[in-house]
Every structure is written in C-alpha cells, then in structure tokens.
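need a structure here:
(2 chains)
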Amino acid sequence: NAGVTQTPKFQVLKTGQSMTLQCAQDMNHEYMSWYRQDPGMGLRLIHYSVGAGITDQGEVPNGYNVSRSTTEDFPLRLLSAAPSQTSVYFCASSRDRERNTIYFGEGSWLTVV
Amino acid sequence: KNQVEQSPQSLIILEGKNCTLQCNYTVSPFSNLRWYKQDTGRGPVSLTIMTFSENTKSNGRYTATLDADTKQSSLHITASQLSDSASYICVVRLPGNTPLVFGKGTRLSVIA
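Numbering: from 1, shown residues only, chains lettered A, B, ... in the order given. Have a look, this model is predicted:
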C-alpha cells in the first residue's frame, strides 16, 4: 500500500517554464488536495477535488491548474513558473473532507530560477 | 493575526524527558482540531484528531488535550525519543467549505 505518491521529488525550473507535479493515491479516497509550504508559514491550500471530475480553488490558486480525471490521480500544473512559486508542494488525500485522517505525500521541492 | 498560534517556536529537550507543546486558536466554532508530526524533508503525518466535544486523545506516547473554553490545545510527549525530533503542527478544521487552518509548527529537537 503506497499511500500518496508524488513525483518528482526535486525540480529546478527556469522562469516561464511549465511543468506538472504528479500525485497518485491508492486508497480510493474521494478528497484530494495540493498544498504549498513556505518557510515561516503554515501549509496553504492551492486547489482541491472532492471527486473525479470536480475541482475547486483553495487559498492560493493563481498560477496553478489541476484536473481530476480519475479517483487516483490529481496532477498540479504550473503554467508559467515564477520565482514566487519556489516552495515545497504536498499532495494530500482523505476519505472525506471533514472527519477522516488526511494522508500527505512526501513532498516535491521546486526551485524556480 | 494567525488564527492558529503555536508555542514555543522551537524547543530542545533531553532524551527521556517529557514536553508539552501549545496551540492557541481564535477560530470558533470548529469541526475538529488535529495534530501532525512532520519529520525534516517528509510530509506531515497525523497524530490525533479531536472534535470540539472531546477533551483528550492519545496515540502512544502522544496525548493531545483540548479546552474549548480557553481555545487551547496541547500536545504532551512522554518519555521523548530521538525519533521525536520533528515539527509538530496544529491544524483546525472549520465548518463548511473552508480550508484547514494550519499553525506554523513547533520545531522539537530531542538530544542524547
């Protein structure tokens, strides 16, 4: 049981480049989300999904896109990378949005130069 | 002002000692309050989840308490081990379609 798997672990991008962070879970969870973690700040929600075909914006959605074509996968796309998007990104999943344990991936370290 | 404030920011203790981490929140009402452990370079891992009606929840050597009157939660770690060295994050779930509110965490270092 792999849980939540994120790839890549590390990535360096040039300003203006685009890329996709991959996230997959094997727990058949309906709720998935993407967070970013910056020094001195709590985790902040970028986008989330309550099920296949349904996505919505979180607190800091600008510059990011998501899609949810299957229950298992929830990729995060950076459309045109900016230095302000240098951060650690975490994908998370849970059975529902309210009460159940949230499982986080191991993180993706992204540097935009 | 942050809705979830954690203290201390960092803490160093000797192996085998107990410690208590604090979380003060201003949000009310809330659905549940969670504590996570985040090892360096890893994702957060859930320790406890408490609803507003629960006073205490244990997970091995970790015990979380909740005082809804004073809007405080604490995480007590008993007989600390070197592997307890990590950041501990307090998280509040508000009712409705709102994001989780994360504290900035307390960085705990357990030394031999």
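
Does residue B:97 belong to a helix, a strand or coil?
coil (DSSP: H, G, I helix; E, B strand; the rest coil).

That one and residue A:17, how far apart?
Remark: distance between residue B:97 and residue A:17 (Cβ to Cβ, to the nearest Å) = 33 Å. Quick note: C-beta positions are derived from backbone N, CA and C, even for glycine.

cool, and residue A:6?
Taking Cβ to Cβ, one finds residue A:6 at 19 Å from residue A:17.

Residue B:97 and residue A:17: which is more packed in?
Shown here are residue B:97 and residue A:17; by other Cβ atoms under 10 Å in any protein chain shown, residue A:17 has more neighbours (14 against 9).

contacting residues around the more buried one?
A:80-81 (Cβ atoms under 8 Å, 6 or more residues apart in numbering or on different chains).

Show me what residue A:7 is bridged to.
Beta-bridge pairing of residue A:7 under DSSP bridges involves residue A:22.

mind checking pLDDT for it?
With respect to pLDDT, residue A:7 scores 96.

number of nearby residues for residue B:76?
Residue B:76 - counted by other Cβ under 10 Å - has 15 other residues nearby.

hey, what's it bridged with?
According to DSSP bridges, beta-bridge pairing links residue B:76 with residue B:20, residue B:63.

That one contacts residue B:59, doesn't it?
No: using Cβ atoms under 8 Å as the test, residue B:76 is too far from residue B:59 to be in contact (11.1 Å).

what ranges do the strands span in chain A?
A:4-7, A:10-13, A:19-25, A:31-37, A:44-51, A:54-57, A:64-66, A:76-78, A:87-94, A:103-104, A:108-112 (DSSP state E).

In JSON lines: those strands, plus mean neighbour count.
As requested, the strands of chain A are exported to JSON lines (neighbours: other Cβ atoms under 10 Å in any protein chain shown):
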{"stretch": "strand A:4-7", "mean neighbour count": "19"}
{"stretch": "strand A:10-13", "mean neighbour count": "14"}
{"stretch": "strand A:19-25", "mean neighbour count": "19"}
{"stretch": "strand A:31-37", "mean neighbour count": "24"}
{"stretch": "strand A:44-51", "mean neighbour count": "20"}
{"stretch": "strand A:54-57", "mean neighbour count": "14"}
{"stretch": "strand A:64-66", "mean neighbour count": "19"}
{"stretch": "strand A:76-78", "mean neighbour count": "19"}
{"stretch": "strand A:87-94", "mean neighbour count": "23"}
{"stretch": "strand A:103-104", "mean neighbour count": "22"}
{"stretch": "strand A:108-112", "mean neighbour count": "18"}
